[in-house]
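In: Curious how this folds, go ahead:
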Amino acid sequence: MKTFKSIFIFTLLFAGIFGANAQDRQNPWSIEIGTNAVDYYPVGGESGTMAMNTRPGGQIHGSFINEYFNAGDHYNIMPSVSRVGVGRHLFSGLSLNVAGAINKIEKLGDNNTLNWTNSDSSEFYSFDTRLNFSFLDAFEKDFWLDPYVGLGAGRTWVKYGYAKGYNTLNANVGFKFWVMKDLLAIDVASTYKSGLDDQYSQDYFQHHMGLVFQFGAKDTDGDGVSDSRDECPSVPGLKEFNGCPDTDGDGIEDAKDNCPEVPGIAEFNGCPDTDGDGIEDAKDACPKRAGSAEFDGCPDTDGDGVADPQDGCPRAAGVKALGGCPDRDGDGIADKDDECPDDAGTAVKGGCPEMTMEIVAELNESARLVLFLRGKSDLSIDAKATLDDIASMLKKYATTYLEISGHTCNIDTESFNQELSESRANAVRNYLIEGQGISPGRLSAKGYGETQPIADNAIEAGRVKNRRVELMIEE
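Out: Down below sits the predicted model:
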């Protein structure tokens with residue numbers, strides 16, 4: 001661990017020396033903290049000299065890239081913070097990075113360290129310097145995925161009785177996944193390291209994953225304009241406005257924009273006319289719908305002289321007295337509230353015609369023509385014709401509710417006559433409902449038996465008149 005601390009301190013110093021004169025950019029410095037994995041297997045052939053010092057066991061090397069992702073069998077991983085790095089942007093696309101890592105070697109391919117050091121694991125240390133090339137940075141693109149490649153050199157120590165070190169040449173491929181652009185990223189990379197020592201070295205892959213924190217900007221507001229040239233150094237702005245902002249992006253800088261947070265036009269000093277009707281939104285009662293100055297910028301869609309916001313029926317020409325709504329039947333009730341918009345009526349009946357007692361009297365004169373044979377409730381052809389006329393009147397007065405009363409003469413028993421009168425009332429009700437489509441809720445039926453005669457039951461002519469139905473308005 002003491003060795004690792006020395007590596008870490010040297011890493012910081014090295015990055016400072018080589019990065020001090022580098023070209024500046026947004027947050028040019030970075031620190032990375034993460035973990036690493038060492039894999040000796042997919043390096044190809046008898047790579048390196050370390051394998052010559054192991055006793056027989058499992059296969060140390062496979063062919064190049066063979067079982068590259070076989071983490072369970074081949075990766076040596078420390079499940080903790082085991083790698084730190086420092087980076088410095090140099091110029092377009094290029095950055096200098098140094099890193100130190102620690103690990104424990106327990107797997108030599110399919111072999112293990114018992115066949116090598118007579119112990120369960122061996123301590124591992126590495127220190128590397130690399131030049132990375134970022135494609136996004138080079139081509140000045142802004143995207144969440146940032147691929148890069150790199151070349152470098154380093155030194156590796158593996159403890160074998162004592163820590164033996166050897167130099168390596170390194171090549172790496174990696175990806176940064178930006179969580180917060182230019183501030184925080186997840187870094188995933190794989191490095192191939194080729195040992196250079198003829199006596200003691202070993203090729204291997206070292207993978208790492210970590211969090212990258214970027215810092216060190218000299219541009220306070222991060223707008224790409226240095227503080228010395230920035231007229232608004234604490235607020236991100238644009239180069240064409242000397243670092244001052246155009247918050248709404250309308251081409252008028254905030255200091256000269258009367259509406260700096262809403263895109264507008266020069267005619268209104270940066271304030272918007274959203275509906276393009278020539279009336280500034282602040283003075284437009286309907287800023288999202290084109291209108292006229294007559295109605296304070298609001299439209300009158302139906303052209304009835306009532307502006308849409310005050311018009312209860314903006315798509316149908318109406319009258320001002322009814323809030324711009326039409327009244328087809330002229331009864332003073334707007335069509336939208338009129339249950340009978342084509343027939344003049346009264347407010348009491350929801351705009352529908354009101355059936356008067358005189359009309360009921362006329363209906364009853366007709367209804368009394370609906371007569372029945374003794375002891376029967378069947379409707380004759382003439383009776384149905386009369387009911388058809390009554391139905392036409394009921395349809396005209398659509399809000400009128402009627403009681404249909406059935407009556408008999410005094411022949412037969414009271415109980416029989418009661419049932420017969422009910423049957424006659426229901427026969428009429430059913431015909432009006434089923435034959436003429438009158439709403440069932442508008443009609444009720446009730447039998448009065450022989451209790452309400454209108455003619456003398458002592459003679460047959462009177463008894464015929466008493467076998468009848470009558471109509472009565474229900475409130």
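
In: bridging residues for the closest residue to Ile77 other than its chain neighbours?
Out: Counting by C-beta to C-beta, 6 or more residues apart in numbering, Ile77 lies nearest to Ala37, which is 4.5 Å off, once chain neighbours are set aside. C-beta here means a position set from N, CA and C on the backbone, and glycine is covered the same way. Assessed by DSSP bridges, Ala37 has beta-bridge partners Ile77, His207.

In: Tell me if Val428 really is in a helix.
Out: Yes - counting by DSSP: H, G, I helix; E, B strand; the rest coil, Val428 falls inside a helix.

In: For it, the count of nearby residues, please.
Out: 26 (other C-beta atoms under 10 Å).

In: Is it correct that it is in contact with Leu371?
Out: No - the criterion here is C-beta atoms under 8 Å, and Val428 misses it with Leu371 at 11.6 Å.

In: measure the residue nearest to Ile77 to Lys176 for me?
Out: 18 Å (C-beta to C-beta, to the nearest Å).

In: which element is the residue lying closest to Gly195 once chain neighbours are set aside on?
Out: Sequence neighbours aside, Ser201 is the residue nearest to Gly195 in space, at 2.7 Å (criterion: C-beta to C-beta, 6+ apart). Under the criterion of DSSP states H and E, Ser201 resides outside all helices and strands.

In: what are the pairing partners of the helix or strand encompassing Ile102, and which direction each?
Out: Taking DSSP H and E as the criterion, Ile102 maps to strand 94-105. Using DSSP bridges, the strands paired with strand 94-105 are strand 83-91 (antiparallel), strand 122-134 (antiparallel).

In: any chance of those strands in TSV, plus mean neighbour count?
Out: TSV is the format used below for those (neighbours: other C-beta atoms under 10 Å):
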stretch	mean neighbour count
strand 83-91	20
strand 122-134	20
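
In: could those strands go into JSON lines alongside distance to Gly318 and mean pLDDT?
Out: Formatted as JSON lines, the strands paired with strand 94-105 follow (distance: least, C-beta to C-beta, whole Å; pLDDT from 0 to 100):
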{"stretch": "strand 83-91", "distance to Gly318": "70", "mean pLDDT": "94"}
{"stretch": "strand 122-134", "distance to Gly318": "67", "mean pLDDT": "94"}
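
In: how about those strands, which one is nearest Asn27?
Out: Each of the strands paired with strand 94-105 has some distance to Asn27 by C-beta to C-beta; the shortest is strand 83-91, at 8.3 Å.

In: What distance do you get for the spatially closest residue to Val179 that is not a sequence neighbour to Ala101?
Out: Spatially, and ignoring its direct neighbours in sequence, Val179 is nearest to Ala185 (6.1 Å; C-beta to C-beta, 6+ apart). From Ala185 across to Ala101, the span is 19 Å (C-beta to C-beta).

In: Equivalent analysis for Met355, please.
Out: 98 Å.

In: Have a look at the two and say which one is more surrounded.
Out: Legend: neighbour count by other C-beta under 10 Å for Met355 and Ala101, higher for Ala101 (26 against 21).

In: list the contacts for the more buried one?
Out: Ala101 is in contact with Asn36, Ser82, Arg83, Val84, Phe124, Tyr125, Ser126, Phe127, Gln206, His208, counting by C-beta atoms under 8 Å, 6 or more residues apart in numbering.

In: beta partners of the closest residue to it other than its chain neighbours?
Out: In space, and not counting its chain neighbours, Ala101 is closest to Arg83: 4.0 Å by C-beta to C-beta, 6+ apart. With beta bridges defined as DSSP bridges, Arg83 has these partners: Gly34, Ala101.

In: Now for Arg83: which residues touch it?
Out: Counting by C-beta under 8 Å, 6+ apart, the residues that Arg83 touches are Glu32, Ile33, Gly34, Thr35, Asn36, Ala99, Gly100, Ala101, Ile102, His208, Gly210.

In: Equivalent analysis for Gly312, please.
Out: Contacts of Gly312 (C-beta under 8 Å, 6+ apart): Gly318, Leu322, Gly323, Gly324, Cys325, Ala334, Lys336.

In: right, and Asp273 touches Ala266 too?
Out: No - the pair Asp273 / Ala266 is not scored as a contact, 11.3 Å apart, by C-beta under 8 Å.

In: Looking at those two, which is more packed in?
Out: Shown here are Asp273 and Ala266; by other C-beta under 10 Å, Asp273 has more neighbours (20 against 12).
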